[in-house]
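Asker: Predicted model and sequence below, questions to follow.
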Amino acid sequence: MMRHPFKKSTIVIAMLLSGLTTTSPIFAADKGMAYVSNQNGDVSVIDLDSFTVSGSINIDAKSPRGIGITADGKSLVTANKDDGNISVIDIPSGKFSKHIAIGKNPEFVRVVGDRAYVSYEPSSKGGPPQKPGDSTKEDADDDNGPQERARIAIVDLNKGKVIKEIIGGPETEGIEFSKNGKKLIITNEADNTITIHDLKSGKLLKSVPTSKFGERPRGIKVSPDGKFAVTTLELSNKLLILDAKFNPVKAIETGQAPYGVAFDREGKRLFVAATKAKLLQVFDANSFELIKNITVSERCWHFTFTPDESQLLLACGKSDEILVIDAKKLEVTKHIANKDTPWGIVTYPKSMGSLDRP
């Protein structure tokens, strides 16, 4: 990892002379920074040297959820549910740069190169389908389910506009890419499908029903070697394993309401956030045997490794905190207070996580 050529004290003096405060995201930590989208606020910045919140970024919008960062670390993107747009943040200055209109209810973001891939629902009236017989509305976005297929807006961040759209299924949730970067894989909650699309043309290549194994696919990840993929089935408390051609192979049991999922960089371990069970589960990525259950907080949906792979950071929305977990000991080592309902988290340099990968 490239280290900053100046001492921190030199940076602080320069910032004070220029009118910037030391809480600005320009103050880069040697071990990197983490960025947290807060559903009821802005973006928090976590210094990965000290594991403290070093500041916040005003995104000039409401209800940020999905979050992503460019490979060069210069631009941060948030999907703003209530405003129907994305915010682009200039990281060197730590300031809001621009909005780009997307459509109704933008939620999930993946940033690859100079493009952002953003899911949204043109006629959405609300959030997730409820399990039969479940009268609760926990974590529902609005009042009723979406009525039309979702879209994946492909945004050219340099041009500042949507250049293409790919039609997904109803209530598109997770976004992933094949190892060769030629296919887009998405999960569609409302009709229990995983759809695979040609990234260049947008053509639907394959639709994979999950109902035989379970309902409501959400998180989706391709293994680092590209030999298989996994998706969480939230309403069935399962993790579905798919082969290299995205054919379902088997499902394994998880804790209640699995959502975020990620491999470690070597592809040896698989991490699953079982939200309602209040667990981060660790599985062997070859045998799929459970290695450990880590007790966590409330509504922990998304997580990321630190760039050096030594820790994991877990965003827990209903506990208003970020948990720090030792990646070797698999133990919670710190609670970082983070108000305003943290939703998503990514790092720079980019690292493995439920919302991103290097």
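Answerer: Here it is on my side, so go on.
Asker: Could you use CA atoms for every contact and neighbour count after this?
Answerer: Fine.
Asker: can I see the domain layout of this protein?
Answerer: 59-133+143-169, 171-252, 254-358 (automatic domain parsing).
Asker: between those, which one is nearest to D30?
Answerer: domain 254-358 (10.3 Å; Cα to Cα).
Asker: chain center to the closest one, what's the gap?
Answerer: Taking Cα atoms, centre = their mean, to the nearest Å, one finds domain 254-358 lying 11 Å from the centre of the chain it belongs to.
Asker: Report the mean confidence score over it.
Answerer: Mean per-residue pLDDT for domain 254-358: 98.
Asker: Tell me where this protein is predicted with low confidence.
Answerer: Applying pLDDT under 70 to the chain flags residues 1-28, 123-147.
Asker: where do the helices sit along it?
Answerer: 8-17 (DSSP state H).
Asker: Which strand in it has the most residues?
Answerer: strand 161-170 (DSSP state E).
Asker: Can you name every helix or strand that that strand contacts?
Answerer: strand 95-101, strand 149-156, strand 183-188, strand 193-198 (3 or more Cα pairs under 8 Å, 6 or more residues apart in numbering; DSSP states H and E).
Asker: what lines up beside that strand in the sheet?
Answerer: strand 149-156 (antiparallel) (DSSP bridges).
Asker: What lies in contact with the partner strand?
Answerer: Residues outside strand 149-156 that contact it (Cα atoms under 8 Å, 6 or more residues apart in numbering) are 102, 114-122, 161-172.
Asker: what's the angle from it to strand 183-188?
Answerer: If you take axes from the mean of the first three to the mean of the last three Cα atoms, to 10 degrees, strand 149-156 sits at 140 degrees to strand 183-188.
Asker: roughly how far is strand 149-156 from the heart of the chain?
Answerer: Using Cα atoms, centre = their mean, the offset of strand 149-156 from its chain centre is 16 Å.
Asker: Which positions within that strand qualify as buried?
Answerer: 149-156 (16 or more other Cα atoms under 10 Å).
Asker: same thing with stretch 173-190?
Answerer: Buried-residue list, stretch 173-190, by 16+ other Cα under 10 Å: 173-178, 183-190.
Asker: Other residues contacting the longest strand of the chain?
Answerer: 100-102, 121, 146-156, 186-191, 193, 195, 202-203.
Asker: can you check stretch 72-79 too?
Answerer: Against stretch 72-79 from outside (Cα under 8 Å, 6+ apart): 37, 59, 64-70, 85-92, 106-109, 111, 116, 118, 348-349.
Asker: Recalculate using a threshold of 7 Å.
Answerer: 64-70, 85-92, 106-109, 348-349 (Cα atoms under 7 Å, 6 or more residues apart in numbering).
Asker: Give me the buried subset of those.
Answerer: 64-70, 85-91, 106-109, 348-349.
Asker: Among the residues you listed, which lie within strands?
Answerer: Using DSSP E, the buried ones among the contacts of stretch 72-79 in strands are 64-69, 85-90, 109, 348.
Asker: coming back round to it: quick check, nearest of the buried residues of strand 149-156 to V261?
Answerer: Out of the buried residues of strand 149-156, the member with the shortest distance to V261 (by Cα to Cα) is I152, at 20.3 Å.
Asker: For the closest residue to that closest one other than its chain neighbours, give its distance to D156.
Answerer: Once flanking residues are discounted, I152 sits nearest to S119: 4.5 Å by Cα to Cα, 6 or more residues apart in numbering. The gap separating S119 from D156 is 15 Å, by Cα to Cα, to the nearest Å.
Asker: show me what contacts the closest residue to L280 other than its chain neighbours?
Answerer: Closest residue to L280 apart from its sequence neighbours, by Cα to Cα, 6+ apart: A273 at 4.6 Å. Listed by Cα under 7 Å, 6+ apart, the contact partners of A273 are 258-261, 279-281, 300-301.
Asker: likewise T306?
Answerer: T306 neighbours (Cα under 7 Å, 6+ apart): 312, 347, 351.
Asker: One more: K339?
Answerer: Shown in contact with K339 (Cα under 7 Å, 6+ apart): 320-321.
Asker: do that again at 8 Å, thanks
Answerer: Here K339 is in contact with 38, 320-321 (criterion: Cα under 8 Å, 6+ apart).
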